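Student: Structure for this input, please:
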Amino acid sequence: MTCVIDDGARHPGKFEACGPLGEALYELTLDGGLDDECGDVDERGIWYGLLLETELACAPYAIVSEDSQGFVEYGAYDTEEKAVQDWERILRDELAWFEEGDDAALAEAL
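Tutor: Alright, predicted model coming up:
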């Protein structure tokens, strides 16, 4: 799959912070391409999705996030190792958030 090129145009709304590449990565999360996900927009205010092997030359590995207002951002990685390192950090942060809320059942589910 070819890389989505930033066309320089403004993309107001859901994808204004990330442009066409972010939109393409987000679409992959909707098409069942997720390798893992965590967080919850309603409960936590943010959701994260891990994409490994996206087939996009400019973002072969990515982490996509969506906040409670529907805005999407992403991190693109050139190696799986870098993506997984950031993913593990996100998981630790999520676990800490649940534990701070004294919600042990949710923490164990994560």
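Student: quick one: low-confidence ranges for this protein?
Tutor: By pLDDT under 70, the low-scoring segments of the chain are 1-12, 101-110.
Student: quick one: the helices in it?
Tutor: Assigned by DSSP state H, the helices in the chain fall at 19-30, 80-100, 104-109.
Student: for these, which one sits closest to L51?
Tutor: Of all these, the one in closest proximity to L51, counting by Cβ to Cβ, is helix 19-30 (5.7 Å). (Each C-beta comes from the backbone N, C-alpha and C, glycine too.)
Student: Tally up the residues packed near G39, please.
Tutor: 20 (other Cβ atoms under 10 Å).
Student: Might you report the residue contacts of the most centrally placed residue in the chain?
Tutor: Centroid-nearest residue in the chain: V64, 1.8 Å away (criterion: Cα atoms, centre = their mean). By Cβ atoms under 8 Å, 6 or more residues apart in numbering, V64 lies in contact with G22, L25, Y26, L28, T29, Y48, G49, L51, V72, E73, Y74.
Student: what's around the second one, how many residues?
Tutor: A count of neighbours around L25, defined by other Cβ under 10 Å, yields 26.
Student: from what I can see it touches C58, true?
Tutor: No: contact criterion Cβ atoms under 8 Å: L25 and C58 do not qualify, at 10.3 Å.
Student: Give me the common contacts of the two.
Tutor: Common neighbours of L25 and C58 (criterion: Cβ under 8 Å, 6+ apart): A76.
Student: Please list all residues in contact with F15.
Tutor: By Cβ under 8 Å, 6+ apart, the contact list for F15 reads G22, E23, Y26, V72.
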